[in-house]
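> Sequence below, structure please.
(chains A and B)
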Amino acid sequence: MKENKKLKKFGSLLVASSLLAGVLAGCGNGDSSSSGGGSSSGGGGSSDGDTIKIGANLELSGNVASYGSSIGLGAELAVKEINDKGGIDGKKIELIKVDNKSENAEATTAAIKLATQDNVVAMLAPATSGNTVATVQIANDKKIPIVTGSGTAPNITVNDDGSVNEYAFRTCFIDPFQGIVAANFASNDLKAKNVAIFADNASDYAKGLAKSFKETITKNGGKVVEEEAYVAKDTDFRTQLTNIKAAKPDFIFIPGYYEEVGLIVKQAREMGIDVPLMGADGWDSPTLVELAGADALNNTYITNHYSAEDPDQKIQDFVKAFKAANGDKAPDAFNALGYDTIYYIADAIKRAGSTDGEAIQKALADTKDLSLVTGTFSVDKDHNPIKTATVLEFKDGKQVFNSKVNP
Amino acid sequence: MEWIQQLVNGISLGSIYALIALGYTMVYGIIKLINFAHGDVFMIGSFIGFYAIAKWELGFFPALLLAMAVCAIFGVVIERIAYKRLRNATRIAALITAIGVSLLIEYTTIFFRGAQPAAYPEVIKNKSFDVFGVQISSTSILILTVAIVLMILLQFIVHKTKIGKAMRAVSHDADAARLMGINVDNTISATFAIGSALAGAAGVIFGVYYTKIDPLMGVIPGVKAFIAAVLGGIGIIPGAMVGGMLLGVVESLVSALGFSLWRDAAAFVILILILIFRPSGIFGKNTREKV
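Presented below is the predicted three-dimensional model:
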């Protein structure tokens, strides 16, 4: 009897679950057929009749969650603004966010999901270079353009053999450029002669920056007196800093991400290293200030994509809109890049006049003199924007606009 | 001078390893279990200290004591729930359970507070002292003092108190100890409580010294402390202290020689070498298995 009851229960569960599965599958079918009929697209991307789906493959958790979430906030603001003004040719944009947990494998899975299940027409690629590279192949295979807001490694758009990844784009400048700007700033503005480099050896981003910095500073007549390395997730940097201190540099370049850099800056200052320190956009996170402490960050500089204090009218309008939408929080560079990335994609879809992947790809590649918050840019033959960099200085934990550098 | 500075760096790091290693070694000494969840008790201790200082505005010492107390209870709870039933199971079953408990603690913490790191507030005004050209910060002096005081306290408990005597007896022969009227279960719980309290203290010290804490922070220090325990001779309390200090100094010296990327690798090379050439550790004696 008891056995029977159990069986019955099990049976009804089975029926119920298969029914549910059937309903879900039915929904899925209905969705894809309607989107196929409604859109004007032929190949890769498709969309419902009145919405244009854009995927967002972002680091919403994990060790660089701060970047992905910031890009997402900026992107949402842009989507809202575009939709409020009537969308693209009357169609509203729908942003589909997926969390890639700051991991390469998850980023690839997320890209496959966006491409095959959500049928997006274009994707916001992840915030970091490594995660973005993990999705480039999917973009090329499915012919769905991806645009990263802050992936600065050269090999996102151009492979090592010099061939261009047709479907990969970016809104930010590339790593070597930041290294060059930092080196020029060190020799021209800070008059640095003997420099040290302390780089994150676990990331292509930091290695790329260190390389171009070293080339430029040597060309400027400076001397690299000490080179040290660390790997992500380290917490003790005192041994390497002891070596650096012994070499007596008058400037230290530290390409890396905020989690480690925060500790490096704190430990360096504790050990009595008081020379200027400089990094790049990887430092840009409120967490950096928490980890290092505002005092330790005095006399440090970063190259970045934009500054909220830049007096430019377009930037001030954006800052106002962002503050209104996010409880008076000033937008950081990642917010701005996420915002710009959506406008860049929307502009291309509009000019393409279609949601077809190949047409959007062509429009993205042909973009000229597009005026955005992080600068006006044209896309070069390698799919990299030609745009300006900003140098910021930390003063009591706040980023202060220092200067703008043109390429 | 630079070398003395590196030695100071190494000893600060080593005293944290040593504090965690003590817990490993005590538990192994008594029930022959490598408690892989120990590194996560260290993490929990660190977070309790963090909330005590940042949210409830306690000072360093009250936060340290609170973290130790909570971790002691937490350690006993883990033992009672996860390991007690496996007392007579195979050692591999207990080991796998320990790994499971470790992952459970890590990801439960991530579920409740997210994976992003937190920055420890500055509880002690950090000053650097210049001793003959060597920079010694007040926090590293504090770490060393707290670590040494706790280790002396532990030696006292193990050698001079009744519970310490019971622990030594159970470690020597649990069955004979039971026959002599020792409550083996309570003794094992006490071992977990003391070991976990030390891990909790190490967590708070780590937070104050290194600032950054996150839910997966226990993994690497946990493994390093395990290496330290093996290096000194697992199950031997002075061995864990010496092993921890030695490992910290070796890691610093490897970095100082310009091989900073080999630092973690060096720790594992030590583990492999010690297991090949002297499996019982520096302080271990070769004991013959009874047949």
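
> residues contacting residue B:62?
residue B:52 (CB atoms under 8 Å, 6 or more residues apart in numbering or on different chains). Every residue, glycine included, has its C-beta placed from N, CA and C.

> Same check on residue A:196?
A:224, A:225, A:226, A:227, A:228, A:244, A:247, A:249, A:251, A:252, A:253.

> What sits closest to it if chain neighbours are left out?
Distance criterion CB to CB, 6 or more residues apart in numbering or on different chains; nearest residue to residue A:196, sequence neighbours excluded, is residue A:249 at 3.8 Å.

> Tell me the helices and strands packed up against the strand or helix carrying residue A:66.
Assessed by DSSP states H and E, residue A:66 sits inside helix A:65-84. In terms of contacts (3 or more CB pairs under 8 Å, 6 or more residues apart in numbering or on different chains; DSSP states H and E), helix A:65-84 is packed against strand A:51-58, strand A:92-99, helix A:313-325, helix A:333-352.

> Convert the C-alpha atoms of that helix to PDB, please.
Listed next in PDB are the C-alpha coordinates belonging to helix A:65-84 (Å, rounded to 0.1, in the frame of the first residue of the first chain):
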ATOM      1  CA  ALA A  65      32.700  42.500 -10.000                       C
ATOM      2  CA  SER A  66      33.200  46.300  -9.400                       C
ATOM      3  CA  TYR A  67      34.000  46.800 -13.200                       C
ATOM      4  CA  GLY A  68      31.200  44.700 -14.600                       C
ATOM      5  CA  SER A  69      28.500  46.200 -12.300                       C
ATOM      6  CA  SER A  70      29.700  49.700 -13.100                       C
ATOM      7  CA  ILE A  71      29.500  49.100 -16.900                       C
ATOM      8  CA  GLY A  72      26.100  47.600 -16.400                       C
ATOM      9  CA  LEU A  73      24.800  50.700 -14.600                       C
ATOM     10  CA  GLY A  74      26.100  53.000 -17.400                       C
ATOM     11  CA  ALA A  75      24.600  50.800 -20.000                       C
ATOM     12  CA  GLU A  76      21.200  50.800 -18.300                       C
ATOM     13  CA  LEU A  77      21.200  54.600 -18.200                       C
ATOM     14  CA  ALA A  78      22.000  54.700 -21.900                       C
ATOM     15  CA  VAL A  79      19.300  52.200 -22.800                       C
ATOM     16  CA  LYS A  80      16.800  54.200 -20.700                       C
ATOM     17  CA  GLU A  81      17.700  57.500 -22.400                       C
ATOM     18  CA  ILE A  82      17.500  56.000 -25.900                       C
ATOM     19  CA  ASN A  83      14.200  54.300 -25.200                       C
ATOM     20  CA  ASP A  84      12.700  57.500 -23.700                       C
END
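
> circling back to that earlier point, format the helices and strands packed on helix A:65-84 as a markdown table; extra columns: mean neighbour count, mean pLDDT and distance to chain B.
Compiled in a markdown table, the helices and strands packed on helix A:65-84 are given as follows (neighbours: other CB atoms under 10 Å in any protein chain shown; pLDDT from 0 to 100; distance: least, CB to the nearest CB, whole Å):
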| stretch | mean neighbour count | mean pLDDT | distance to chain B |
| --- | --- | --- | --- |
| strand A:51-58 | 26 | 94 | 14 |
| strand A:92-99 | 18 | 94 | 11 |
| helix A:313-325 | 15 | 92 | 21 |
| helix A:333-352 | 25 | 94 | 15 |
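
> so which of these gets nearest residue B:38?
Nearest to residue B:38 among the helices and strands packed on helix A:65-84 is strand A:92-99 (30.7 Å), distances taken as CB to CB.

> Now the element after the closest one, going C-ward?
Per DSSP H and E, strand A:92-99 leads on to helix A:104-116 as the next helix or strand towards the C-terminus.

> average model confidence for the next helix or strand after that next one?
Counting by DSSP H and E, the next helix or strand C-terminal to helix A:104-116 is strand A:122-125. The average pLDDT within strand A:122-125 is 95.

> ok, now stretch A:148-166?
For stretch A:148-166, the mean per-residue pLDDT is 90.

> give me every residue that touches residue 66.
Went with chain A since none was named. Listed by CB under 8 Å, 6+ apart, the contact set of residue A:66 reads A:258, A:285, A:286, A:287, A:334, B:116.

> hm, I was asking about chain B
By CB under 8 Å, 6+ apart, the contact set of residue B:66 is B:48, B:49, B:52, B:58.

> Redo the residues you listed as JSON lines? Include pLDDT, neighbour count and secondary structure.
Formatted as JSON lines, the contacts of residue B:66 follow (pLDDT from 0 to 100; neighbours: other CB atoms under 10 Å in any protein chain shown; DSSP: H, G, I helix; E, B strand; the rest coil):
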{"residue": "B:48", "pLDDT": "97", "neighbour count": "23", "secondary structure": "helix"}
{"residue": "B:49", "pLDDT": "96", "neighbour count": "32", "secondary structure": "helix"}
{"residue": "B:52", "pLDDT": "96", "neighbour count": "22", "secondary structure": "helix"}
{"residue": "B:58", "pLDDT": "92", "neighbour count": "17", "secondary structure": "coil"}
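
> between those residues, which is closest to chain A?
Minimum distance to chain A across these is 15.7 Å, recorded for residue B:49 (CB to the nearest CB).

> so the closest one makes contact with residue B:206?
No - look at residue B:49 against residue B:206 with CB atoms under 8 Å: they stay out of range, at 9.1 Å.

> any residues in contact with both of those two?
The contact sets of residue B:49 and residue B:206 do not overlap (CB under 8 Å, 6+ apart).

> how about the residues of the stretch 151-291 of chain B that lie near chain A?
Of all the residues in the stretch 151-291 of chain B, those in contact range of chain A (CB under 8 Å from any CB of the partner chain) are B:210-212, B:214, B:217, B:220, B:251-252, B:255-256, B:258, B:260-261, B:263-264.

> Let's see that with 10 Å instead.
B:206, B:209-214, B:216-217, B:219-221, B:248, B:251-261, B:263-264 (CB under 10 Å from any CB of the partner chain).

> what's the burial count for residue 74?
All of this is about chain A. 28 (other CB atoms under 10 Å in any protein chain shown).

> My question was about chain B, not that one.
Neighbours around residue B:74, by other CB under 10 Å: 23.

> what's the following helix or strand after whichever strand or helix holds it?
Per DSSP H and E: residue B:74 is located in helix B:60-78. Downstream of helix B:60-78, the first helix or strand assigned by DSSP H and E is helix B:91-113.

> Mind giving me the packing neighbours of that next one?
Judged by 3 or more CB pairs under 10 Å, 6 or more residues apart in numbering or on different chains; DSSP states H and E, helix B:91-113 is in contact with helix B:2-31, helix B:38-54, helix B:60-78, helix B:219-232.

> Include distance to residue B:283 when you put the contacts of residue A:66 into a markdown table, please.
Shown next, in a markdown table, are the contacts of residue A:66 (distance: CB to CB, whole Å):
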| residue | distance to residue B:283 |
| --- | --- |
| A:258 | 42 |
| A:285 | 45 |
| A:286 | 47 |
| A:287 | 42 |
| A:334 | 52 |
| B:116 | 41 |
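
> And the helices in chain A?
Assignment of helices within chain A using DSSP state H yields the ranges A:2-38, A:65-84, A:104-116, A:129-142, A:175-188, A:204-219, A:238-246, A:258-270, A:286-292, A:313-325, A:333-352, A:357-365.

> okay if I get these as JSON lines plus distance to residue B:237?
Shown next, in JSON lines, are the helices of chain A (distance: least, CB to CB, whole Å):
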{"stretch": "helix A:2-38", "distance to residue B:237": "54"}
{"stretch": "helix A:65-84", "distance to residue B:237": "41"}
{"stretch": "helix A:104-116", "distance to residue B:237": "42"}
{"stretch": "helix A:129-142", "distance to residue B:237": "44"}
{"stretch": "helix A:175-188", "distance to residue B:237": "50"}
{"stretch": "helix A:204-219", "distance to residue B:237": "42"}
{"stretch": "helix A:238-246", "distance to residue B:237": "28"}
{"stretch": "helix A:258-270", "distance to residue B:237": "31"}
{"stretch": "helix A:286-292", "distance to residue B:237": "35"}
{"stretch": "helix A:313-325", "distance to residue B:237": "57"}
{"stretch": "helix A:333-352", "distance to residue B:237": "49"}
{"stretch": "helix A:357-365", "distance to residue B:237": "65"}
